[in-house]
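In: what follows is a predicted protein model with its sequence.
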Amino acid sequence: MELPKFLLGDNTDHPEDIFIIHLDYPRFIINLKDDEIEIIDEIDDEEEEELQEEMENLVKLANEFYDREIERYEE
């Protein structure tokens, strides 16, 4: 099965939150309400520095994904 790079998620226990789940490495969940990120994969100390710049780009892509999904939903 081929999984998408991002998934949109919500939860009725958190009605104000909008979650984007990133399924490629590094897997993470971002709450667009406050940009809080929960990384799912274990990250080594030496990988952490490299991932910092990549995470900034991935957060930008997650926001673009959300905007695109909402635009498609409204059509």
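Out: Perfect, I can see it now. Numbering: from 1, shown residues only.
In: contact partners for Asp13?
Out: Counting by CB atoms under 8 Å, 6 or more residues apart in numbering, Asp13 makes contact with nothing. C-betas here are computed from N, CA, C, even on glycine.
In: now Ile29: how far from Glu46?
Out: 24 Å (CB to CB, to the nearest Å).
In: give me the more crowded residue out of the two.
Out: Ile29 (16 against 7; other CB atoms under 10 Å).
In: show me the contacts for the more buried one.
Out: Gly9, Phe19, Ile20, Ile21, His22, Ile37, Glu38, Ile40.
In: can you flag the buried ones in these?
Out: Phe19, Ile20, Ile21, His22, Ile37 (16 or more other CB atoms under 10 Å).
In: among the residues you listed, name the ones in strands.
Out: Judged by DSSP state E, the buried ones among the contacts of Ile29 include Phe19, Ile20, Ile21, His22, Ile37 as members of strands.
In: nearest to Asn63, of the buried ones among the contacts of Ile29?
Out: The shortest gap between Asn63 and any of the buried ones among the contacts of Ile29 belongs to Ile20, at 8.0 Å (CB to CB).
In: let's verify the nearest residue to Pro26 once chain neighbours are set aside: helix, strand, or coil?
Out: Of all residues not flanking Pro26 in the chain, Asp41 sits nearest, at 4.8 Å (CB to CB, 6 or more residues apart in numbering). Secondary structure for Asp41, judged by DSSP: H, G, I helix; E, B strand; the rest coil, is coil.
In: got the phi and psi for Asp41?
Out: Dihedral pair for Asp41: phi -80, psi 150, per degrees, to the nearest 10.
In: isn't it right up against Tyr25?
Out: Yes: judged on CB atoms under 8 Å, Asp41 makes contact with Tyr25 at a distance of 6.2 Å.
In: since that was my last question, I'll sign off now.
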